[in-house]
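Student: Structure for this input, please:
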Amino acid sequence: MVKEGKEQRNLRFSIDRGGTFTDVYAEVLNSEGDPERREVLKLLSEDPGNYPDAPREGIRRVLEKVTGKDHPRDKPVDTSHISSIRMGTTVATNALLERKGERCALVTTQGFRDLLHIGNQSRPHIFDLEISLPDVLYEEVLELDEQVIIPLGSEPNRRNGKHPPSNGKSNKKGENNHSHEQGTLHECLTGETVCVRKAPDLKQLRTHLKQMKQGGIKSLAVVLKHAAIFPDHEQQVGEVAREIGFDQISLSSEVMQMVKMVPRGYTATADAYLTPRIMQYIKDFQSGFDEGLDKVQLSFMQSDGGLSPVSTFSGHKAILSGPAGGYVGYALTTQWEGQSHEKLQMIGFDMGGTSTDVSRYAGSYEHAPQLDINTVAAGGGSRLFYKTGVFHVGPESAGAHPGPVCYRKNGHPAVTDANLVLGRILPEFFPHIFGEDENQPLDAKGAEKALDELASQINKGNEGQKAKSRDEVAMGFIRVANETMARPIRALTQMRGYDVAQHVLACFGGAGGQHACAIARSLGMRTIFVHHYSGILSAVGIGLADVVVEEQEPAAEALQGKASQGLTKKLSQLQEAATKKLKQQGFRDDQIGVERYLNLRYDGTDVAVMTLCPENGNPAKEFEDAYKREYGFVLEDRSIQVDDVRIRATGRGVPLPDPGKITSKPGPLPKPVATNKAYFEDGGRQDTPAYRLSTLKPGHDIKGPAIILDDISTVVLEPGCTAHITPNGDVRIDVKAADGDKDLNADTCDPIQLAIFSHRFMGIAEQMGRVLQRTSISVNIKERLDFSCALFGPDGSLVANAPHLPVHLGAMSEAVRFQVEYWGDKGPGKGEDVGGITPGSMPPNSHLLAEEGAAILSFKIVKDGKFQGDGMTELLMAPAKLKDTIPNMSGTRNLGDNISDLKAQVAANNKGIGLVEQLIHEFTLPVVQAYMKFIQANAEEAVREMLADFSRDQQLPEVGTVTAQDHMDDGTSITLSVTIDRKQRSATFDFEGTGTEVFGNTNAPPAVTYSAIIYSLRCMVESDIPLNQGCLKPITVKIPQGSILSPSKEAAVVGGNVLTSQRVTDVVLKAFTAAAASQGCMNNLTFGDDDMGYYETIAGGAGAGPHWKGRSGVHTHMTNTRITDPEILERRYPVVLHTFNLRPGSGGAGENEGGDGVIREIEFLRPMTVSILSERRAYAPFGLEGGGDAQPGVNLIIRDSGRTVNIGAKSSVVMQAGERLRILTPGGGGFGVAPARGEQKQQGGNSPKRRRTRQATSHNPRTGGSVARYRREQESA
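Tutor: Residues are numbered from 1 along each chain as shown. Predicted coordinates:
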């Protein structure tokens, strides 16, 4: 019973309100404030027939149990016994998923109304013709006529030792500085100078905002360019909006005070969309308690792992607060006698029904700004498939309804069914909540029947091989699921320079214990830890979390060893502000901890590392140590830049648990509650005893095989593993080392191993890409991701590629085959500048290969373990030797970046070599090489099936032909006939009739055509197969010698790679009636002078298809490079980006409309050579099946005099300071006959300053995990 009197507030609640269940963890405190008793409760999050709010109901039930008194549901809950309530909630996440946030509008800088729709212009799944991206959260946009720019003297000038002029005069002979004209200079938060060219018209703003308010908009997100360093204009908008009476105003400069307009905009709009819903939920929650919880400390879990008082809690901090609680839970409780959590490296493994979260902890939280939690679509409900000879697990989920087959709801075979069949789940100890009356156990017979059917399908597809039993098939799916979950763990560790074997696998969640031993063994991990409250560890973690206050400001200065006086002063000011807020919440000095951080990066790079800054330490050394650990080297010739200063102040009100100590022997093991024959990969069916965790005592040891049960989860102890019960009643498992699969037969393809090798090969290519991106210097590779990494077989054939750029695939294979004696894998990246006649090495008017910069047939870049920098420099500078015969010829203009990027490519290859050697050690060389061939054969079979299906669907004769033709802008035809032999399931792609080599640079080597074909085939294959050389096995390609697709060796080809490749892709897809033409161009833009060069490609419209509309403002087909954030672009280069919007009405009409192109307008602040290499300026992107053509693109320059000139598709011009380039990219073609005119949507015309967005549902901020984020960076926005 709770004591009455002065000490009666002795109940402390920690609650995790999840999507399905709400977990309640309550502590009853003694007179010293220490827990003397704990209560645990799990209830449905939604049960409106019984209670209105699950957390409140959980508190009520615990109060009744602890006090022994009735607490009626129809009355406010008595709070007299409650000292604090801490809660993590899915309210924000659910509002995003269900699109039930507050109606909101966006106020942004004029010219950027569609910036958050375009994002970084890449698409999420590179082989999906139907491009699906989350839409924006706001429903109206107000463009504010204001302009803040960065004057001349941004980062490139600093790197070149130059400084900005202070008076607007030239810093070069004959150069005008237009950055200050008609503007005023202001010092911003970083100490830098900005120029305000146009201040907002507040009177006009007030009028527009009033109209929005009258229209029902109550919430605003304000996202102005450069507001992170100069927030004045956003603050003015906020003041006007408050005067008008908006309920929620989210200023991006307050919500996320970091440079980069796009991510800051996403965060601000999420905050505006979600905060009102969160505040309403909190208000409703409080109303169910007497006194409205006024005397109770109420705080909420944030996605950064800290608690926030209710007064400062907001929407963008609420997303994924439950997983954050789990992270804190395992981080602070994974310990045992003699081993503190502070000294362990851990991997958190939280396996649920539909997905699994993995994370890493090693003494400190990694958050920027969310905790680094990575989600993989594999859980107990993940469905089991056998497709094209391969075992697949997920990503589709059976969900809770209908669920797995064993749920008795006519569900789908899932991982839970496989575990049940294998005897790893005991139905008698699982809740009996199934069947029509919800009182039956799991249906083991139904699961067995479903696995029998899968086994029959698998054996039928592998005639001639030994038939697989039901157990073998079930175990095969479990192994594939385990490999799916192990892949992000490898990425979290190996990819970042950590040894995964040195980590403890901290397992929690309902399903993780069934897989933990196998996953740990496959990763080489030796220890698993399972907390005794593992099923509700998120609630436990919320109870252990600190209250956190963070203060952050942008900075802009070079770091010289220790922090400067200015930085130290700024850190001290932020620290004072943060600690003051904690003291206002009642924390004493001895309860407050402070961490100082500097967000550091090397000058000219974009990878910033949030670096702990000890008061008397050396943050530069801390940064370099972290950088070297993760990337393998430091950049000795680069200064270290400070982007942000940050304070994280924590208030600890709850003591951390102690590891404890075993003081006496536990006695003999209790008798098992059951014994069954469970199936294990090592030994098959074996007698397996099951024990109740509650009956095991500290010091007990259990040898596998065994099963440990509690009320919420099951731990499967595999043979060779031993479980130890710790002093706190937790389970620590010692894992037997895996022997590897060295007995695999290299002559026979096992479909289970095929799936596992597919994951491993893809993982190697992805990790290579990760190393390359993070160790490179140039914006081109690091930010725009213009590179590819792949793994090749011993004959130089493509085995697996990371989801990078399809246009590289053919060239990579050719290069590797040519130089296979040097290396077995290669990662090409696009250098920004390797010389030639124009900056950026993308001349629009080249006629010879020599004019396009350095061309290297073969060079051994690493010899005897040493990087050959001098030899490489000579090759990169060699084009300058031709300047006497070729005007304007130059060697590379970015030699330092080129050399650094090449070193990064060497590092990526070394990473790949190491991972392949590890794989060979695990499986033997013959087996690894055999499965390289098996995976190619699997892709071959998928393409053959697709060809045969297409032939039948189109009712072609047994040997039938389809044709397609399109034209380059110069009139050169791309002509294709595809002859399909349905019996042989093969095809001949014949380009006879294609135009001859041109006196220009749109010639494309045959490798480009092969890239386009292999990409198109992969897009048309519905199953998820790795893209490799096998896709081309059924294909014969005929290209006329001397044509534009097979030119002479001297021909200029720079446009062929980036332009002609897109046209070939459109023609292939047209022949198969797969999709209307996309923009058909990469819109290659370069600009620069003698000191710098910049290169970007620009999005357009995607073509529509039979069942989808084309996406607007996105990259398509052969490229997927990201575009530089507007603020980064202006900070690094002497330009002003005036417009980056969609181009309304440029998509083709049709039953399914094509996507719109974009408008991008750039002003140059000093004289510069500007080159544009583009297509689809004469021939419009075609529609299909009656769909309309899209609008072609237009390239315009706006001279200082105001004269506007169309410079054509391919041009190089010298721009003077103040002049502008305006690019209107093509749209995508429509598909199907358009509706009648009266039914057609209104499009086109000039967009008003205030308008409803064309595609306006929601942008869904996803988990901030580094692995998920990296994969999105490779193939998605």
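Student: And the average pLDDT for the helix or strand where residue 942 lies is what?
Tutor: Assigning secondary structure by DSSP states H and E places residue 942 in helix 925-953. For helix 925-953, the mean pLDDT works out to 91.
Student: List the neighbouring strands of the helix or strand following that helix plus their orientation.
Tutor: With elements assigned by DSSP H and E, the helix or strand that comes after helix 925-953 is strand 959-967. Sheet pairing of strand 959-967 (DSSP bridges) gives strand 973-981 (antiparallel).
Student: Now find how far off-centre the strand it pairs with is within its chain.
Tutor: 38 Å (CA atoms, centre = their mean, to the nearest Å).
Student: quick one on the thing from earlier: give the buried residues for the helix holding residue 942.
Tutor: 927-948, 950-951 (16 or more other CB atoms under 10 Å). Any C-beta I mention is one placed from the backbone N, CA and C, and that applies to glycine too.
Student: other SSEs contacting that helix?
Tutor: Contacts defined by 3 or more CB pairs under 8 Å, 6 or more residues apart in numbering; DSSP states H and E place helix 925-953 against helix 751-775, strand 798-801, helix 895-923, strand 973-981, strand 986-990, helix 1006-1020.
Student: can you pull up the bridge partners for the nearest residue to residue 724 once chain neighbours are set aside?
Tutor: Using CB to CB, 6 or more residues apart in numbering and skipping the chain neighbours, the partner closest in space to residue 724 is residue 732 (4.8 Å). Beta bridges link residue 732 to residue 529, residue 724, judged by DSSP bridges.
Student: Contact partners for residue 732?
Tutor: By CB atoms under 8 Å, 6 or more residues apart in numbering, residue 732 lies in contact with 336, 527-530, 723-724, 726.
Student: let's go with 10 Å and repeat that
Tutor: Contact partners of residue 732, counting by CB atoms under 10 Å, 6 or more residues apart in numbering, are 334-337, 339, 504, 527-530, 722-726.
Student: who wins for neighbours among the residues you listed?
Tutor: Among the contacts of residue 732, residue 530 has the most neighbours (other CB atoms under 10 Å), with 29 neighbours.
Student: what's the nearest residue to that one if we skip its chain neighbours?
Tutor: In space, residue 530 is closest to residue 731, 4.1 Å off (CB to CB, 6+ apart).
Student: was I right about the one you found contacting residue 724?
Tutor: Yes. At 7.5 Å, residue 731 and residue 724 qualify as touching, with contact defined as CB atoms under 10 Å.
Student: Now do the shared contacts for those two.
Tutor: 336, 696, 700, 702.
Student: ok, so of the residues you listed, who is nearest residue 425?
Tutor: Within those, the smallest distance to residue 425 is 18.1 Å, found for residue 702 (CB to CB).
Student: How about the secondary structure of the closest one?
Tutor: The assignment at residue 702 comes out as strand when based on DSSP: H, G, I helix; E, B strand; the rest coil.
Student: how many other residues sit next to it?
Tutor: Other residues within reach of residue 702, judged by other CB under 10 Å, total 22.
Student: Name the nearest residue to residue 336, sequence neighbours excluded.
Tutor: residue 726 (4.2 Å).
Student: shouldn't residue 1029 be in contact with residue 814?
Tutor: No. With contact defined as CB under 10 Å, residue 1029 does not count as touching residue 814 (11.7 Å).
Student: quick one: which of the two has more around it?
Tutor: Neighbour count, other CB under 10 Å: between residue 1029 and residue 814, residue 1029 has more, with 23 against 17.
Student: so where's the stretch 951-1100 of the chain shaky on pLDDT?
Tutor: Within the stretch 951-1100 of the chain, the set of residues satisfying pLDDT under 70 is empty.
Student: let's see 90
Tutor: Along the stretch 951-1100 of the chain, the parts satisfying pLDDT under 90 run over 999-1002, 1005, 1007-1008, 1011, 1014-1015, 1021-1032, 1049-1058, 1088-1095.
Student: that older thread, so which of the contacts of residue 732 would you say is closest to residue 41?
Tutor: Distance to residue 41 across the contacts of residue 732 (CB to CB) is lowest for residue 530, with 20.4 Å.
Student: Give me the pLDDT for the closest residue to residue 776 other than its chain neighbours.
Tutor: Among residues not flanking residue 776 along the chain, residue 904 sits closest, at 4.1 Å (CB to CB, 6+ apart). Residue 904 is assigned a predicted lDDT (pLDDT) of 78.
Student: wait, residue 904 sits on residue 770?
Tutor: No. Between residue 904 and residue 770 there is no contact under CB under 10 Å: 11.1 Å.
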